[in-house]
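In: I'd like to go over a predicted model; first the sequence, then the structure.
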Amino acid sequence: SFEDRGQTMSDIAEEELIPTSNVLYAAHKHIGERCKDVSMAFLRCKKKDLDPSVCLNEGQAVLGCLGVVLKDLRSSCAAETDSYTKCLDKHSNDLRKCRQEEEAFDAACPKP
């Protein structure tokens, strides 16, 4: 039988950072804006050296930034984020089918 594994922002405990794709899709504008510098540093590191162990610090910085963004969204606009993530989960992350929820999310959680 089908088991609903849809995750919302409220489901992610502060100490646990394993967001599902629908949570990442919902937060992508915020993550892209706020984590741009650490993400670019990670990509530059990876471009210089393909050895995965070389860029662990840069990778941890990206995960740390992601955690801060998700925590901020959870504390400032959890209801709108949860509505948006549930819609994305229901529609297999098809952003076009969740425009109404996206608009409510964007209004409640404006990009920095």
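Out: Yep, that arrived.
In: tell me the helices in the chain, going along the chain?
Out: Remark: helices assigned in the chain by DSSP state H are 21-34, 36-48, 56-90, 99-108.
In: Show me what the longest one packs onto, helices and strands only.
Out: It stands for helix 56-90. In this structure, helix 56-90 packs against helix 21-34, helix 36-48, helix 99-108, with contacts taken as 3 or more CB pairs under 8 Å, 6 or more residues apart in numbering; DSSP states H and E. (C-beta placed from N, C-alpha, C; glycine too.)
In: any idea how far S76 lies from C109?
Out: 6 Å (CB to CB, to the nearest Å).
In: what about those two, which has more around it?
Out: Comparing S76 with C109 by other CB atoms under 10 Å, the one with more neighbours is C109, at 20 against 12.
In: The helices of the chain into JSON lines, with extra columns for mean pLDDT?
Out: Output for these, formatted as JSON lines (pLDDT from 0 to 100):
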{"stretch": "helix 21-34", "mean pLDDT": "94"}
{"stretch": "helix 36-48", "mean pLDDT": "96"}
{"stretch": "helix 56-90", "mean pLDDT": "94"}
{"stretch": "helix 99-108", "mean pLDDT": "96"}
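In: export stretch 61-68 as PDB, just CAs?
Out: The C-alpha trace of stretch 61-68 is given here as PDB (Å, rounded to 0.1, in the frame of the first residue of the first chain):
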ATOM      1  CA  ALA A  61      29.000  25.500   5.400                       C
ATOM      2  CA  VAL A  62      26.400  24.800   2.700                       C
ATOM      3  CA  LEU A  63      24.500  22.400   5.000                       C
ATOM      4  CA  GLY A  64      24.700  24.900   7.900                       C
ATOM      5  CA  CYS A  65      23.300  27.700   5.700                       C
ATOM      6  CA  LEU A  66      20.500  25.400   4.500                       C
ATOM      7  CA  GLY A  67      19.700  24.600   8.200                       C
ATOM      8  CA  VAL A  68      19.500  28.300   9.100                       C
END
